[in-house]
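**Student:** Coordinates for the following, if possible.
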Amino acid sequence: MKAAYIFLWLLWLACHTLAAQTVINGAEQTGRLLPILKGKRVALVVNQTSMVGKAHLLDTLLAAHVQVRKVFAPEHGFRGNADAGETVKDGKDTRTGVPILSLYGKNKKPTAAQLQDIDLVVFDIQDVGARFYTYISTMHYVMEACAENRKQLVVTDRPNPCDYVDGPVRQSNQKSFVGMHAIPILHGCTVGELAQMINGEGWLAGGKKCALTVIPVEGWKHGQPYPLPVKPSPNLPNDQAIALYASLCPFEGTAISVGRGTRFPFQVIGSPDIRLSSFSFTPEALEGFDKQPMYKGQPCYGNNLRHTAAPKGFSLKYIITYYQAYQKLGKADKFFTRSQWFDLLIGNRTVREQIMKGAGEEEIRAGWQKELEAYKDLRRKYLLYE
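**Tutor:** Purely as a prediction, here's the structure:
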C-alpha cells in the first residue's frame with residue numbers, strides 16, 4: 001500500500017515537472033524572434049528576469065549576431081539590484097560593452113534622440129500582475145515613444161504568476177507611475193495582453209497606437225501556477241512574497257513595515273508601536289534587498305506570513321486589522337502616514353475613507369464591483385490564452 005502511494009506521488013511529481021518544463025516564454029522562441037530582428041538595429045528593454053534558459057536575452061541575441069545597439073533599464077536597473085525608488089543611472093554593461101540607458105530617473109520614456117539609430121525595440125520583462133508594479137508603466141512609455149517615433153515594438157510574453165482579476169479599478173484622478181491605467185490592482189493579464197489593451201483602448205498619449213508584435217507564451221493558460229526562476233525585484237524573493245505583494249503593498253503608505261530590510265520582505269508585517277503577537281523582526285541594511293529600510297535597527301512586532309495561505313486575489317484584511325489596532329491604542333491619526341501615496345496605490349480615495357469610518361472588507365469590496373465587472377468584460381477582448 002505504501003509503495004502504491006509513493007508511486008502515485010512520484011507520478012504526480014513527474015507530471016507537474018513536465019508541465020512546468022513545457023512553458024516556453026516568448027523570448028525562448030528564437031525561431032519566431034530572430035527572423036523579426038534580422039537586419040534591424042535593436043534596443044532592448046530588459047532586466048535580470050530576461051533569461052533564455054540560463055543565458056540573458058542580451059547575450060543570446062548578440063551570439064546570434066543581432067545588432068543590439070542599446071539597453072533601456074527599468075526600476076531596479078539592468079541587473080535588478082537597485083532599491084525601490086532608487087535612481088537608475090546610465091552606463092555600460094560590463095560584460096558586453098552595450099550602453100545602458102535608464103528609464104527610471106529623470107527620464108522614464110525613451111527620447112527621440114535615443115531612438116534615432118534604432119529600428120525596433122524588444123520588451124522582455126517578467127511582471128507579477130499588480131497595477132503598481134512599475135515595469136508595466138515603463139512598457140507604457142516605451143509604447144508611446146515607439147508610436148511617436150514610428151518604431152516597431154516586440155513584446156516577448158511571459159506568464160502572470162499572480163493571475164487574478166481583483167481589487168478597485170484606478171480612478172482617473174489617481175493616475176501616476178504606480179497607476180498608469182484604469183485597471184484593477186490585480187489586472188489578470190500578461191504584459192503582452194496588457195500591451196494589446198493599451199494599444200486597443202487608445203491609452204497612449206493622443207490616442208496613438210504603436211506597431212506592436214506580441215510573441216505569446218506556449219504551454220501556459222490563465223490560472224496555471226508559474227513559479228518564477230528569477231526574483232523579479234529585490235524585495236520579491238519568492239512565490240509567497242509575490243502572492244502577498246498586492247495585498248501588502250498599500251502598507252507602504254502607512255506606519256507599518258512590510259519587512260523591507262529582512263530576508264523575507266512582503267512576508268512579514270509589523271511596527272515598533274504595536275504588539276499584535278510575540279513575533280518580531282528587525283529591519284537592517286541588506287545588500288540585494290533594501291539598504292535604507294523603514295524602522296532600520298528597530299524591533300517591529302506583528303505577523304509572520306511566510307507559511308500562511310496567501311489570499312487568492314486582493315485582500316484588505318491586513319490593512320483593516322492594523323488600522324483597528326492603531327485605533328484601539330488611540331493612534332489612528334498616526335496610521336496613514338502618507339495618505340496620498342496610499343490612495344495612489346489603491347487607486348482611489350474612497351477605500352481609505354471607508355477604513356477610517358469603520359467599514360468592513362465586504363462593504364468596501366461592494367463599492368468597486370461594478371467597475372471591476374466592466375473591466376472583466378474589457379479584458380476578454382485582449383486575452384491571448386484560455
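**Student:** quick one, helices of the stretch 51-200 of the chain?
**Tutor:** 57-63, 112-115, 135-148, 191-200 (DSSP state H, counting those that start in this stretch).
**Student:** Turn those into CSV, columns for distance to Lys328.
**Tutor:** In this view, the C-beta of every residue, glycine as well, is placed from N, C-alpha and C. Converted to CSV, the helices of the stretch 51-200 of the chain look like this (distance: least, Cβ to Cβ, whole Å):
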stretch, distance to Lys328
helix 57-63, 51
helix 112-115, 53
helix 135-148, 37
helix 191-200, 41
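**Student:** With mean pLDDT, mean neighbour count and distance to Gly129 added, can I get the ones you listed in CSV?
**Tutor:** What follows is the helices of the stretch 51-200 of the chain, written out as CSV (pLDDT from 0 to 100; neighbours: other Cβ atoms under 10 Å; distance: least, Cβ to Cβ, whole Å):
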stretch, mean pLDDT, mean neighbour count, distance to Gly129
helix 57-63, 96, 19, 21
helix 112-115, 97, 14, 29
helix 135-148, 98, 23, 9
helix 191-200, 98, 22, 10
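**Student:** can you tell me which of the ones you listed comes nearest to Arg338?
**Tutor:** With Cβ to Cβ as the criterion, Arg338 lies closest to helix 135-148 of the helices of the stretch 51-200 of the chain, at 19.1 Å.
**Student:** just checking, what packs against the closest one?
**Tutor:** The elements that helix 135-148 packs onto, with contact taken as 3 or more Cβ pairs under 8 Å, 6 or more residues apart in numbering; DSSP states H and E, are strand 41-46, helix 112-115, strand 120-124, strand 152-156, helix 191-200, strand 211-215.
**Student:** wait, which of these is closest to Tyr133?
**Tutor:** Comparing the helices and strands packed on helix 135-148 under Cβ to Cβ, the one sitting nearest is helix 191-200, at 10.4 Å.
**Student:** what number of residues lie near Pro227?
**Tutor:** Other residues within reach of Pro227, judged by other Cβ atoms under 10 Å, total 10.
**Student:** From Val191, how far off is it?
**Tutor:** In this structure, Pro227 and Val191 are separated by 18 Å, where distance is defined by Cβ to Cβ, to the nearest Å.
**Student:** Would you format the helices and strands packed on helix 135-148 as CSV with distance to Gln67 included?
**Tutor:** Supplementary listing: the helices and strands packed on helix 135-148 in CSV, determined by distance: least, Cβ to Cβ, whole Å:
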stretch, distance to Gln67
strand 41-46, 5
helix 112-115, 14
strand 120-124, 10
strand 152-156, 14
helix 191-200, 23
strand 211-215, 18
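**Student:** Looking at those, which is nearest to Phe251?
**Tutor:** With Cβ to Cβ, the closest approach to Phe251 among the helices and strands packed on helix 135-148 belongs to helix 191-200: 24.9 Å.
**Student:** What is the neighbour count of the residue lying closest to Phe264 once chain neighbours are set aside?
**Tutor:** In space, Phe264 comes closest to Arg306 once its chain neighbours are excluded; the distance is 5.6 Å by Cβ to Cβ, 6 or more residues apart in numbering. In terms of burial, Arg306 registers 13 neighbours under the definition other Cβ under 10 Å.
**Student:** And stretch 283-298, what's buried?
**Tutor:** Using 16 or more other Cβ atoms under 10 Å as the burial criterion, the residues of stretch 283-298 that qualify are 283, 286, 289-291, 293-295.
**Student:** which of those lies closest to Leu329?
**Tutor:** When the buried residues of stretch 283-298 are compared for distance to Leu329, the smallest value, 16.9 Å, is given by Tyr295; criterion: Cβ to Cβ.
**Student:** My guess is that closest one contacts Ile269. True?
**Tutor:** No - distance between Tyr295 and Ile269: 11.6 Å, which falls outside the contact criterion (Cβ atoms under 8 Å).
**Student:** Overlap in contacts, these two.
**Tutor:** Taking Cβ atoms under 8 Å, 6 or more residues apart in numbering as the contact definition, Tyr295 and Ile269 share the neighbouring residues Ser257.
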